[in-house]
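Participant: have a look at this prediction, sequence included:
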Amino acid sequence: MAETVPSLAFSNTKRVKEGEDGGAEYDRALAVPIMKRAHGDPAAALANARHEFGEHGGVNMSIEASATFTVMEPETMRRMFSGELGPDRDFYVYSRHFNPTVLNLGRQIAALEGTEAAYCTASGMSAISSVLIQICGAGGHVVASRCLYGGTHALLSRFLPRACGIRATFVDIDDLEAVRAAVVEGETKVLYVETMANPTLAVANVPRLSEVAREKGVMLVVDNTFTPMVVSPARLGADVVVHSVSKFISGGADIIAGAICGPASLVNSMMDLQHGALMLLGPTMNAKVAFEISERLPHLSLRMKEHCERALVYATRMRNLGLKVIYPGLDDHPHHGVLASIANPGYGFGGMLCLDMGTEERANKLMQHLQNTTQFGLMAVSLGYYETLMSCSGSSTSSEMSPEERSAAGISPGLIRMSVGYSGTLEQRWSQFEKALALIKPPSSLKQQFAGLLV
Ligand SMILES: Cc1ncc(COP(=O)(O)O)c(C=O)c1O
């Protein structure tokens, strides 16, 4: 072949031959490996994706930290820029475009989510904004759930309309007729929801919403940040799945990262030299970060199971104390049936729960004791950490929304969102919770249930 690669420059580079890669097929016309779309358990799909060894046979994959890649013949460079030679044949140009380590992580995340391809980004917000800009183009329209992470809500309601004329209509996604009615023929390109909404934990009926999306010819984009492993939206009909990898997937509260999972054609279009939102806006992931995340994926399923198990125990006990707890794993939650029908068996119902304390003042008092008196958890935004993280959503991660928008989304001013951690023992943490609860004066309606806890 003309692109014979002298051994000096590439002697250590792994070269994937066609058909050699377990789990992935390489299409010569495309750049990213196309994963076989696995159904069934996400942990099994992840394990079936080929394990990447280090270049010296290390059990961990190597980090390709280079920003740029050499060629031995000038002609090869021209062929790479024309799109003729690409990562599918182990030819890399520059790491804002494809990077081998980031591509490997993408392959694993595609396996996890059951999509053809995935690519990783510098943050969850960059994944979301790039996908929306890529799919909508200037002036497109998005039908979105009215309960979304505050940053995404602000992106859709304020930033994108101003920056590129992309407009959004927010609807109650439980009302499929309202979803249908909000679609503007010829203009709506995306139906956008969160599998489990931040912060209300409302669950999207992904299979029904995907039917509506198909019927209307729009793409269903689902943010699965709250429920990796627990729900696999693409296996239920979503076209694109986005993640804030900064949360459960990372698990360490030490990395900001994102991922876009979807058809190989979409991922490749986002890398197009002339028109790709990832290539041209540039929020690609750093290879060292990709390596870090790849080390944490193998225990994501174990971590999720423990987050979910503890959340269910705490939610059940909180309900038994007469507290207003919101957790879709409880059988009296309005979306329990939907979640039970779409959840992957064996993982549980999510590691997030909400406690509605009625007012912000009472929420703050409880969180203050939970952190500073009894050490139950930490007052911090974000989620997926091994410690329990707590925040009052109305004044923090949903503060971008107006009071009216929060009220329409069901976000009460006293809502404490908890990301349930797994450090310490369950009973140790529960007794810390009970002690903190006993320190706040209950409203009269709850006095009876709290009577035994008052000090
Ligand atoms: C559901 C959801 N999606 C997206 C984001 C944005 O992700 P990142 O902070 O990684 O940009 C967040 C939180 O920050 C979130 O909670």
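Facilitator: Arrived safely.
Participant: number of nearby residues for the single nearest residue of the stretch 151-300 of the chain relative to the ligand?
Facilitator: At 3.0 Å from the ligand, residue 244 is the closest residue in the stretch 151-300 of the chain, using C-beta to the nearest ligand atom. All C-beta spots, glycine's among them, are computed from the backbone N, C-alpha and C. By the criterion of other C-beta atoms under 10 Å, residue 244 has 30 neighbours.
Participant: can you give me the end-to-end span of stretch 338-355?
Facilitator: End-to-end distance of stretch 338-355 (C-alpha to C-alpha, to the nearest Å): 21 Å.
Participant: separation between the residue of the stretch 151-300 of the chain closest to the ligand and residue 169?
Facilitator: Look at residue 244 and residue 169: by C-beta to C-beta, to the nearest Å, they are 24 Å apart.
Participant: how much space between residue 350 and the ligand?
Facilitator: As judged by C-beta to the nearest ligand atom, to the nearest Å, residue 350 and the ligand stand 12 Å apart.
Participant: pretty sure that residue sits in a helix.
Facilitator: No: with DSSP: H, G, I helix; E, B strand; the rest coil as the criterion, residue 350 is assigned coil and is not in a helix.
Participant: quick one, what contacts it?
Facilitator: 196, 201, 226-227, 230, 307-308, 311, 327-329, 339 (C-beta atoms under 8 Å, 6 or more residues apart in numbering).
Participant: next up, phi/psi of it, please.
Facilitator: Dihedral pair for residue 350: phi 110, psi 150, per degrees, to the nearest 10.
Participant: and the pLDDT for it?
Facilitator: At residue 350, the model reports a pLDDT of 98.
Participant: equivalent analysis for residue 36, please.
Facilitator: So residue 36 comes in at 77 (pLDDT).
Participant: could you do the one 10 residues further on as well?
Facilitator: The model reports residue 46 with a pLDDT of 95.
Participant: please list the residues of the stretch 101-250 of the chain that sit near the ligand.
Facilitator: Within the stretch 101-250 of the chain, the positions near the ligand by C-beta under 6 Å from any ligand atom are 123-125, 149, 151-152, 194, 198, 223, 225, 244, 246.
Participant: what is the neighbour count of the residue lying closest to residue 138 once chain neighbours are set aside?
Facilitator: Using C-beta to C-beta, 6 or more residues apart in numbering and skipping residues adjacent in sequence, the residue nearest residue 138 is residue 164, 4.9 Å away. When neighbours are counted by other C-beta under 10 Å, residue 164 registers 14.
Participant: need phi/psi at residue 164.
Facilitator: Per-residue torsions, residue 164: phi -150, psi 20 (degrees, to the nearest 10).
Participant: do the same with residue 261
Facilitator: The phi/psi pair for residue 261 (degrees, to the nearest 10) reads phi -120, psi 130.
Participant: got it, and residue 202?
Facilitator: Main-chain dihedrals, residue 202, degrees, to the nearest 10: phi -60, psi 140.
Participant: which residues touch it?
Facilitator: So, once contact is read as C-beta under 8 Å, 6+ apart, residue 202 ends up touching 145, 147, 173-174, 196, 335, 410.
Participant: switch the cut-off to 10 Å
Facilitator: 145-147, 172-174, 193-196, 326, 328, 333-335, 338, 409-410 (C-beta atoms under 10 Å, 6 or more residues apart in numbering).
Participant: drop anything exposed from these.
Facilitator: 145-147, 173-174, 193-196, 326, 328, 333, 335, 338, 409-410 (16 or more other C-beta atoms under 10 Å).
Participant: gap between residue 374 and the ligand?
Facilitator: Taking C-beta to the nearest ligand atom as the measure, residue 374 falls 26 Å from the ligand.
Participant: next, that residue: secondary structure please.
Facilitator: Following three-state DSSP, residue 374 is assigned to coil.
Participant: count of residues packed around it?
Facilitator: 18.
Participant: please report the distance of the residue nearest to it when sequence neighbours are not counted from the ligand.
Facilitator: Computed as C-beta to C-beta, 6+ apart, the closest residue to residue 374 that is not its neighbour in sequence is residue 432, at 4.0 Å. Distance of residue 432 to the ligand, given as C-beta to the nearest ligand atom: 25 Å.
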